[in-house]
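Novice: Here's my sequence, what's the structure:
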Amino acid sequence: MARKNEQLPDVKFSSIAVLIDAENVDRQKVEAILTKLGQLGTITTKRVYGDWSQEKLQAWKDVVSICALRTMHHFVHSTQKNTTDIALVIDAMDLLHTGNYDAFAIVSSDGDFSNLAVRIRNEDKVVIGVGQHKTNYNFVSICNIFINQDKLASSVDTANPMRLKNMVETLNSKMAERDKTIKAQAVKIKDKNKAMTDLRKELSSVKKELRTATSDNKKIEKQLAKLQKSNDKLKAKSDKSKGELIAKFAVLLQKAIEGEEIAPNKYPLDVIGKKIRDDVPEFKPSDYGFSSLSKLVASTPGVKVSTEQNRVMFSMNDDLAKLN
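Specialist: The predicted structure follows:
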């Protein structure tokens, strides 16, 4: 039987909603179907329905991307096949009530959409059916226009204008994203190079300072060595001079203690000091490098100073005789 409603109208529709039943359409025909529908007017909505968790629908991935379809996911909770159909019908009614569409394209070979087609036509909207040649005649006859998808080329036809357009758009999008990534990487590399240059300058400055510091340290070490040598000489000279002074004082001390022993090998410091000053009026402990007589006596080898009954005493051994 001939199907006159396959003839395309002269009037272009301003807004077409395309609703695709993924379980009842050949995915390789989708690009050609959309191209055909595009000849009827402007497609403003493209939705495809199915349980996308099923393995058999995974092959739709490229078609969805190339054709810019919006996937409407609905789990199939039973062995019956009407879950997706019901979802498509509900969406169609929601879109119908918006009043934004003057034509609805139902892409399916399932004749169960006949009641939906009637409901849409009752709202004075155009129903475009798209399915296989074997599609139920009742559904075909209700549609204002029916397109036999069997007569359309598969998506393997690379000359399909929509396929080429979508491929170009996809490639352009990927190239733009890659350019953006490359530019971002170039900025990072530039910043990294600048940081490396600054680091090299800083390193060069540190090396220069280190060389200067090393040179200065060597100079300081030489000066310290000279000072140490001079200090050693001065110390030796001082020790010698101090030894000579102590020996000189030991002579005075030896002379002063004669006859002043108040206990075995013990002498009163105050008495001995007075005898030394009487014998040498200009005597001063400071001339020997000490602030007091007791400290001077205590520093003399062989002499031990102690305090007994609040009186400073000192004793001597044979070391004093060695200084004479």
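Novice: From here on, just use CA atoms for contacts and neighbour counts.
Specialist: Fine.
Novice: And for the closest residue to I262 other than its chain neighbours, the neighbour number?
Specialist: In this structure, I262 finds its nearest non-sequential neighbour in P268, 7.4 Å apart by CA to CA, 6 or more residues apart in numbering. By other CA atoms under 10 Å, the residues close to P268 number 21.
Novice: P268 is in contact with R311, isn't it?
Specialist: Yes: between P268 and R311 there is a contact at 7.4 Å, judged by CA atoms under 8 Å.
Novice: what is in contact with the two at once?
Specialist: With contacts taken as CA atoms under 8 Å, 6 or more residues apart in numbering, not a single residue reaches both P268 and R311.
Novice: what about the closest residue to N265 other than its chain neighbours, is that helix, strand or coil?
Specialist: For N265, ignoring the flanking residues on the chain, the nearest one in space by CA to CA, 6+ apart is S315 at 5.5 Å. Using DSSP: H, G, I helix; E, B strand; the rest coil, the structure places S315 in strand.
Novice: so who does the residue nearest to I262 touch?
Specialist: Counting by CA under 8 Å, 6+ apart, P268 has contacts E260, E261, I262, R311, V312, M313, F314.
Novice: of these, buried ones?
Specialist: Buried subset of the contacts of P268 (neighbour count, 16 or more other CA atoms under 10 Å): M313, F314.
Novice: Can you flag which of the contacts of P268 belong to strands?
Specialist: R311, V312, M313, F314 (DSSP state E).
Novice: where's D91, which helix or strand?
Specialist: Using DSSP states H and E, D91 sits in helix 82-98.
Novice: go on, T42?
Specialist: strand 41-50.
Novice: What is that strand packed up against?
Specialist: Contact here means 3 or more CA pairs under 8 Å, 6 or more residues apart in numbering; DSSP states H and E; on that basis strand 41-50 packs against strand 13-21, strand 70-73, helix 82-98.
Novice: follow-up on the earlier one: could you check how far the residue nearest to I262 is from N310?
Specialist: According to CA to CA, to the nearest Å, P268 and N310 sit 11 Å apart.
Novice: ok, now K304?
Specialist: 16 Å.
Novice: That'll do, ta.
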